[in-house]
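Student: Got a sequence here, can you build the structure:
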Amino acid sequence: HRDLKPANLIVNTKGYIKVIDFGVAKNLIDKDSTRTFIGTIHYMAPEMLTGKDYSFSIDIWAIGVIIYEAFYGTLPFGIDLKDPNDVLSDICERRVILPYVPNNGHINEAIKNLLRKNSSKRFNLFNKWKEWEMFNGFNYHSLLHMQMPSPLLENGAVDLFQIGREPKATNKQIQTGITS
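Tutor: Residues are numbered from 1 along each chain as shown. Next up is the predicted model:
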């Protein structure tokens, strides 16, 4: 996709998240790669920002940024930076800080793995998550065929960025959080 961000996600009437706006997407097959600098800087992976070849790993990074933002109410990098070069440096050089929020160990573990600077160590999202203990017995077939009730529709909630987050993480929580 190359420009995954909240503005390019919608929730359909069944409560499933759909990706939209494929205007800058590029069709990569298997081990294909590209090096175009394109997208929204706060969601760009380090390999794209530094001009290296990249493939699907940049979208895995963007998913990590989106999940971080959805759960903690702020971006993981470049929060208060105005200069795009400073944002670029923050993404490429600073380690992600994971706020401490009780009972969110699985989310922090996922974010930590999605936001690894080294793209070869960023795990394949779907296959690795299927191995986690918390997903034992999970019905992936039902999910992929949109037969599972969506938690996004429970209690009328359809705002992706209000799910799992209350209250917003504070700067103090972020500064004293877990580092990966």
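Student: contacts and neighbour counts: CA atoms only from here.
Tutor: OK.
Student: The helix ranked longest in the chain packs against which elements?
Tutor: Criterion DSSP state H: the longest helix present in the chain is helix 57-72. Packing contacts for helix 57-72, counted by 3 or more Cα pairs under 8 Å, 6 or more residues apart in numbering; DSSP states H and E, involve helix 105-114.
Student: The helix it packs on to helix 57-72, inter-axis angle?
Tutor: Interaxial angle of helix 105-114 relative to helix 57-72 (axes from the mean of the first three to the mean of the last three Cα atoms, to 10 degrees): 150 degrees.
Student: Let me see the mean pLDDT of helix 105-114.
Tutor: Regarding helix 105-114, the rounded mean pLDDT is 83.
Student: What helices and strands are in contact with it?
Tutor: Using 3+ Cα pairs under 8 Å, 6+ apart, helix 105-114 is in contact with helix 57-72.
Student: gap between the helix it packs on and the chain center?
Tutor: Centroid separation for helix 57-72 versus its chain: 1 Å, with Cα atoms, centre = their mean, to the nearest Å.
Student: Name the next helix or strand following it along the chain.
Tutor: Using DSSP states H and E, the next helix or strand after helix 57-72 towards the C-terminus is helix 84-93.
Student: Who are the packing partners of that next one?
Tutor: helix 46-49.
Student: Next, the contact list for the residue lying closest to residue 92 once chain neighbours are set aside, please.
Tutor: Closest residue to residue 92 apart from its sequence neighbours, by Cα to Cα, 6 or more residues apart in numbering: residue 46 at 5.1 Å. Residue 46 makes contact with 88, 91-92, 117 under the criterion Cα atoms under 8 Å, 6 or more residues apart in numbering.
Student: No more questions from me, cheers.
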